[in-house]
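S.K.: coordinates only, sequence not included:
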């Protein structure tokens, strides 16, 4: 399938994150193995991505042109670690679109004016990404961490014993892409949870 320029950029972004997670972060974009955009879904999620909207619905709802392409042409997984659920977007107000819920049943919002994707709970925002491209990137690097962990220890996630070096790779891969979004954000919250060995895990 021929990708548009915008989706080619997303594919390159996902490969950067994937290489960081599997220890290939020193490679140039054109060196070593590369994964096709749609292949990420086959590798990291059991079910195919869902195209929740189509035929221009996404832009009419308020998604940016790039995010509309992602949700109409690439799709989102219905479930992805760490226990995040996605469904057909629902317009909650002029500025907010509901796209899913996280492991604590906090709503996941897309804010139209700045493309922020965040978990909302108790009046506080836990920023996940800017745009759906950033959301997919974050889901991919998290899934890569999980897969690398369970290759060596099938109970690593269930018993919350993902190796510290993989948790650190997740943090570094995210910070390379988003930097300022990490502090007090969703991914920092997950890193702290994973680093707390008393946590029962996400399954």
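M.R.: Arrived safely, thanks for sending. If you're wondering where the values come from, they're calculated on a predicted model, not measured in any experiment.

S.K.: pick out the residue closest to the middle of this structure.
M.R.: Closest to where the C-alpha atoms of the chain average out (Cα atoms, centre = their mean) is residue 139, at 2.5 Å.

S.K.: so it touches residue 84, yeah?
M.R.: Yes. Using Cβ atoms under 8 Å, residue 139 is in contact with residue 84, at 7.3 Å. No exception for glycine: its C-beta is placed from N, CA and C like everyone else's.

S.K.: tell me how far the residue nearest to the centre of the chain lies from residue 93.
M.R.: According to Cβ to Cβ, to the nearest Å, residue 139 stands 25 Å off from residue 93.

S.K.: what's the answer for residue 14, then?
M.R.: Counting by Cβ to Cβ, the gap between residue 14 and residue 93 amounts to 31 Å.

S.K.: okay, those two: which has more neighbours?
M.R.: residue 14 (23 against 11; other Cβ atoms under 10 Å).

S.K.: give me the pLDDT value at the more buried one.
M.R.: For residue 14, the pLDDT comes out at 86.

S.K.: repeat for residue 29
M.R.: Confidence score, pLDDT, at residue 29: 41.

S.K.: please, where are all the strands along this structure?
M.R.: 79-80, 84-91, 96-101, 107-111, 116-121, 124-130 (DSSP state E).

S.K.: can you list these in CSV and add distance to residue 183 and mean neighbour count?
M.R.: As requested, the strands of the chain are exported to CSV (distance: least, Cβ to Cβ, whole Å; neighbours: other Cβ atoms under 10 Å):
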stretch, distance to residue 183, mean neighbour count
strand 79-80, 23, 18
strand 84-91, 21, 17
strand 96-101, 23, 20
strand 107-111, 19, 21
strand 116-121, 14, 19
strand 124-130, 10, 19
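
S.K.: between these, which one is closest to residue 51.
M.R.: When the strands of the chain are compared by Cβ to Cβ, strand 84-91 sits nearest residue 51, at 10.1 Å.

S.K.: tilt between that closest one and strand 96-101?
M.R.: Strand 84-91 runs at 160 degrees relative to strand 96-101, counting by axes from the mean of the first three to the mean of the last three Cα atoms, to 10 degrees.
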